[in-house]
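**Q** Test case, fold it:
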Amino acid sequence: MASRLYGDLATWWPLFSDPAGYAEEAGWILAALREALGRAPARLMELGSGGGNTASHLAPHMALTLVELSPEMVKESWRINPGADHIVGDMRRVRLGRTFQAVLIHDAIMVRCRIEDIPRIDALVASIMKQAARNVLEDALANENASASDPAGHENWERRQGKTLRVRHLDRVS
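**A** Residues are numbered from 1 along each chain as shown. Reported below is the predicted structural model:
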């Protein structure tokens, strides 16, 4: 059923997932970005943006590039995020030739990726992030193995609303 929701039933997505229901979570993400960067990022890329519900609340604060594998879901996102750049692409392989101050990877990473895809995604994110303040926000729902921080102190986990948010500061990949 999930594949049909992202395919021929995508026009029904707003009935299953109301954008208004994402306001609080988007506020939390925006606050985490502001805390990590000292301001809202000027440009954010969301990998696995789905129907654009989270993005619809971030759009007033920054320029958005939304990457989604499903062309049907991109059409739905375009309806509520007409000012965002929309790219049909795979988060594991997309190369845009642009830089961003932040990258948001929401729950799509758990649905569409295998654990062995994570290093490739991390390398992609590191290659497109701008300057020293590189952050990845990953909504790792129900992650029972989340540690408080890595030994180098580059990774912080916060539990809010039954979800685990990982704010990760990446060093630039040469």
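
**Q** Which other helices and strands does the helix or strand harbouring residue 33 contact?
**A** With the criterion set as DSSP states H and E, the secondary-structure element containing residue 33 is helix 23-37. Contacts of helix 23-37 with other secondary structure elements, assessed using 3 or more C-beta pairs under 8 Å, 6 or more residues apart in numbering; DSSP states H and E, are made with helix 53-58, strand 102-105, strand 135-139, strand 163-169. For every residue, glycine as well, the C-beta is placed using N, CA and C.

**Q** Any buried residues in it, and which?
**A** Neighbour-count burial for helix 23-37, with 16 or more other C-beta atoms under 10 Å as criterion, is recorded at 25, 26, 28, 29, 30, 32, 33, 36, 37.

**Q** Hmm, residue 61 and the fifth one touching each other?
**A** Read that as residue 30. Yes - with contact taken as C-beta atoms under 8 Å, residue 30 and residue 61 are classed as touching, separated by 6.0 Å.

**Q** any shared contact partners between these two?
**A** Listed as contacting both residue 30 and residue 61 by C-beta atoms under 8 Å, 6 or more residues apart in numbering are residue 40.

**Q** need the buried residues of helix 23-37 in a markdown table with distance to residue 74, can you?
**A** Listed next are the buried residues of helix 23-37 as a markdown table, based on distance: C-beta to C-beta, whole Å:
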| residue | distance to residue 74 |
| --- | --- |
| 25 | 21 |
| 26 | 19 |
| 28 | 25 |
| 29 | 21 |
| 30 | 23 |
| 32 | 26 |
| 33 | 23 |
| 36 | 28 |
| 37 | 27 |
